[in-house]
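[1] Make a model of this:
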Amino acid sequence: MFASLTAETLARMQFAFTVSFHIIFPAFSIGLASYLAVLNALWLRTGDETYRTLFDYWKKIFAVAFGMGVVSGIVMSYQFGTNWSTFADKTGPVLGPLMAYEVLSAFFLEAGFLGIMLFGRERVGPGLHMFATAMVAFGTLMSATWILSVNSWMQTPAGYGINDVGQFVPEDWWAIVFNPSFPYRLVHMVLAAYLTTALVVGAVGGLHLLRDRTNKTALRMFSMAMWMLIVVAPLQIAAGDFHGINTLEHQPQKVMAMEGHYDSHPDGAPLILFGIPNPAEKRIDYAIEVPKLSSLILKHDLNAPLAGLDTIPDDAEPPVMIVFYSFRVMVGLGFAMLGLGAWSLLRRWRGGLVDAPWLQRAAIAMGPMGFVAVLAGWVTTEVGRQPFTVYGVLRTSDSLGPVAAPAVAASLLAFIVVYFFIFGAGTFYLLRMMNKRPDTPHLGLNDGPIRTAGITPLPQMAPGAIPTLQPGE
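    Numbering: from 1, shown residues only. A predicted model of the protein is given here:
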């Protein structure tokens, strides 16, 4: 199956495969950690047991997803030392410390407080437990910050020099960390994580509402998810617009591939909605386009000129077909999320979310679409950077280590088998957890303000006293 492929192509396929599995778990855990912090804070503030029930429900799911994310990320580190050892050697002085900072300041923070968040409420008290939950959420955001800084530096390198042996060496750490594309990528990714989580929570809530319209816990999670969509989806679209303008400034050929602009447009470029890229003829076949709209979006001027791939050497062009389609998948799903949020807003105005089965079915259908959008965005970003690993400076072909194609093919096949078995089982377990009703009440000692109807708390007693029940109790 892989006999005709080169070692470089196989190594790229292997890394793409493993990173695609990995990224879906942080994209979920980043948003879910923040959701847990909000649920816990609302329970402490209001005493409403619905929030406590939702917290206990989703924290178990978070624990499994967090563990799967950690395991799937370890493999990529080994690939830097094997398939991409030349890349690791050349960029290590810059990227190595950034990866270490992620472990020291973010992962240790998450791991250190995770146990308290999961098991320590009755042992440490509600205040410290809330602090631990907030630290887990903050740790996931810090982890995203460092990883996005690393990736953004590869996209828009800054603050570096090159020594006598061809290594990138740091000259200005502020410029390295806060490189030109970093703020846009960080905001775009964090909002994507929140949308991904909102869609999953909304799908689970919609599923249980379809089964039982009186399930108040399911209604609460469904309502919170729909509010998140209507607030965050417009922000994500706006953030994507700013990100696109930044990309046009620093990586113009990526935008050319995204837009399908093989030719330059000196008096306003059209927005190609759909079409079939034809790399051999350097054109988009069967294009459906809106005249000059691309110039308006990217430069806020209908007649602004936009350069095309005809200005880029052939050996510096990204794979247009992949980038063209993945970008449209991402954007299309973004507007679908906005539409789902707007639909829920209309349902609230017309009578509520309970008696809205088609909205709930749509939410279930959209449940996995956040992951699809994240993967499509990641493909757009990474494939659009080709043929470079460090944009404009270090080519992918010059980043490959001394590996043989048969060895890479064998390890790729092993990854495919092991990943589908292990992570398939993990995903199946997550779905089983989500399939369970979320309204099972949780009662425990020292849990804070319990306000459950029909339950009379035991009176305070001296140590060693034996409680007695009166007739009728």
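[2] Tell me where the chain is predicted with low confidence.
    Of all residues in the chain, those with pLDDT under 70 make up the ranges 1-3, 439-473.
[3] need the longest helix for it.
    Determined from DSSP state H, the single longest helix within the chain is helix 7-46.
[4] Any buried residues in it, and which?
    Along helix 7-46, these residues count as buried under the neighbour rule (16 or more other CB atoms under 10 Å): 7-8, 10-15, 18-40, 42-44. For glycine as for every other residue, the C-beta is placed from the backbone atoms N, C-alpha and C.
[5] starting at the chain centroid, how far to that helix?
    The chain centroid and the centroid of helix 7-46 are separated by 5 Å under CA atoms, centre = their mean, to the nearest Å.
[6] and that helix, what other elements does it pack with?
    In terms of contacts (3 or more CB pairs under 8 Å, 6 or more residues apart in numbering; DSSP states H and E), helix 7-46 is packed against helix 49-81, helix 126-155, helix 182-211, helix 369-385, helix 405-435.
[7] okay but Leu114 is in contact with Val136, surely?
    Yes - look at Leu114 against Val136 with CB atoms under 8 Å: they come within range, at 5.7 Å.
[8] For the two, work out which one has more neighbours and name it.
    Counted by other CB atoms under 10 Å, Leu114 and Val136 do not tie: Val136 has more neighbours, with 27 against 22.
[9] Show the contacting residues for that one.
    33, 36-37, 109-110, 113-114, 117 (CB atoms under 8 Å, 6 or more residues apart in numbering).
[10] Please name whichever of the helices and strands packed on helix 7-46 is nearest to Thr217.
    helix 49-81 (5.4 Å; CB to CB).
[11] now the closest one and helix 7-46, what's the angle there?
    160 degrees (axes from the mean of the first three to the mean of the last three CA atoms, to 10 degrees).
[12] buried set for helix 49-81?
    Those would be 49-59, 61-66, 68-70, 72-73, 75, 79-80, for helix 49-81 by 16+ other CB under 10 Å.
[13] ok, now stretch 234-246?
    Neighbour counts over stretch 234-246 (16+ other CB under 10 Å) mark 236, 239-240, 243-244, 246 as buried.
[14] likewise stretch 155-164?
    Quick answer for stretch 155-164 (16+ other CB under 10 Å): 155-160.
[15] ok, so of the residues you listed, who is nearest Lys254?
    Of all the buried residues of stretch 155-164, Lys254 sits closest to Gln155, with 8.7 Å by CB to CB.
[16] residues in contact with the closest one?
    179, 181, 185, 250-251, 381, 385, 391.
[17] Repeat that for His188.
    Here His188 is in contact with 236, 239-240, 243, 377 (CB under 8 Å, 6+ apart).
[18] follow-up on the earlier one: figure out which of the helices and strands packed on helix 7-46 is closest to Asp263.
    Taking CB to CB, helix 369-385 is the member of those nearest to Asp263, at 18.6 Å.
[19] how far is that closest one from where the chain is centred?
    Taking CA atoms, centre = their mean, one finds helix 369-385 lying 10 Å from the centre of the chain it belongs to.
[20] list the helices and strands the helix or strand following that helix packs on?
    Downstream of helix 369-385, the next assigned helix or strand under DSSP states H and E is strand 388-390. The contact analysis (3+ CB pairs under 8 Å, 6+ apart) places strand 388-390 against helix 85-102, helix 126-155, strand 394-395.
[21] what residues does strand 388-390 touch?
    Looking at what lies outside strand 388-390 - CB under 8 Å, 6+ apart - the contacts are 84, 87, 91, 153-154, 157, 168, 394-396, 399.
[22] Now rank these by neighbours and give me the top one.
    Most surrounded of the contacts of strand 388-390: other CB under 10 Å gives Trp153, at 27 neighbours.
[23] what sits against that one?
    Counted by CB under 8 Å, 6+ apart, Trp153 has contacts 94-95, 98, 176-177, 179, 182, 390.
[24] and it, how far is that from Gln167?
    14 Å (CB to CB, to the nearest Å).
[25] the strands in the stretch 251-400 of the chain, which residues?
    Using DSSP state E, counting those that start in this stretch, the strands of the stretch 251-400 of the chain run over 271-278, 283-290, 388-390, 394-395.
[26] just to revisit the earlier point, which of the buried residues of stretch 155-164 lies at the shortest distance from Gly426?
    Distances from Gly426 to those, taken by CB to CB, are shortest for Gln155, at 30.7 Å.
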